[in-house]
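[1] Okay, structure incoming, though there's no sequence with it:
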C-alpha cells in the first residue's frame with residue numbers, strides 16, 4: 001500500500017508545481033496621452049486552446065461601478081492565446097483612447113475558465129497642445145546720447161518785383177503878376193458902372 005501512496009504523492013506534488021508556475025503577465029506602458037492607441041498584451045504558459053478576457057476601466061469607478069453609462073473611457077475584449085516556442089504563448093489587443101477622459105485606468109486580464117487573473121494600472125494624461133510661437137515685436141530703445149536730427153525748414157522768401165521809380169516832383173511856386181490886383185479893381189468898377197447905367201435907363 002505504501003508503494004501506491006508514494007507515486008500518488010509525487011504526482012500530486014508535480015501537479016502543484018505545474019499549477020504554481022502558471023502565468024499570464026500583462027505588458028503595458030505606464031503612461032499614454034489622450035487619443036493614443038493603447039496596446040495591452042502579455043505572455044502566458046497557457047496554450048492556444050485558451051482565451052484571455054481583457055478589461056479596462058477608470059480607477060475613479062469601482063469594480064462594481066465600472067461600465068456605467070456615465071463612465072467615459074475603458075472597454076473589454078476577448079482575445080485568443082497565440083502560439084509560441086517553448087510554451088511561451090502570448091496575447092494582445094489594441095484599444096483606441098479617443099474620447100476617453102484623463103484618469104488612472106485599471107487593466108484586468110483573466111484566462112477564461114482557468115480562474116487566473118492579473119491586474120495592472122496605467123495613466124492617461126491630457127495631450128499637450130504646442131501652440132505656435134507668436135512673434136513679439138522688439139522694442140528698440142533709442143540711445144539718449146544720440147543727437148536728434150531736427151528737420152531744417154527753409155523759408156522761401158518771394159522774389160521782390162522791382163517797382164518803377166517815379167522821380168520826385170518839386171512844386172514850382174508861381175509868380176504873381178504885379179497887375180493882377182489892379183486888374184481886379186478895374187474889372188469890379190466896370191461891372192458896377194454897367195449895373196448903374198442899366199438901372200438909370202429904367
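    Everything's here; your move. Predicted model, so just to flag it, every value in this text is computed and none were measured. Numbers count the residues shown, from 1 in each chain.
[2] Below-threshold pLDDT in this structure: ranges please.
    Counting by pLDDT under 70, the chain has low-confidence residues at 1-24, 63-65, 67, 86-87, 129-181, 202.
[3] quick one: the strands in it?
    Using DSSP state E, the strands assigned to the chain run over residues 24-27, 31-33, 37-44, 51-58, 75-80, 89-96, 103-111, 116-125.
[4] neighbouring strands for the second one, and are they parallel or not?
    According to DSSP bridges, the neighbouring strands of strand 31-33, each with its direction, are strand 116-125 (parallel).
[5] Okay, angle between the strand it pairs with and strand 51-58 too, please.
    Compare the direction of strand 116-125 with that of strand 51-58 by axes from the mean of the first three to the mean of the last three CA atoms, to 10 degrees and you get 40 degrees.
[6] who's in contact with residue 30?
    122-123 (CB atoms under 8 Å, 6 or more residues apart in numbering). C-beta coordinates here come from the backbone N, C-alpha and C atoms, glycine included.
[7] how about the strands of the chain, which one is nearest residue 66?
    strand 51-58 (3.8 Å; CB to CB).
[8] Tell me which stretches of the chain form helices.
    Under the criterion DSSP state H, helices of the chain are mapped to 2-20, 180-201.
[9] Can you lay out the strands of the chain as JSON lines showing distance to residue 188?
    Below are those laid out as JSON lines (distance: least, CB to CB, whole Å):
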{"stretch": "strand 24-27", "distance to residue 188": "157"}
{"stretch": "strand 31-33", "distance to residue 188": "139"}
{"stretch": "strand 37-44", "distance to residue 188": "146"}
{"stretch": "strand 51-58", "distance to residue 188": "147"}
{"stretch": "strand 75-80", "distance to residue 188": "151"}
{"stretch": "strand 89-96", "distance to residue 188": "145"}
{"stretch": "strand 103-111", "distance to residue 188": "144"}
{"stretch": "strand 116-125", "distance to residue 188": "139"}
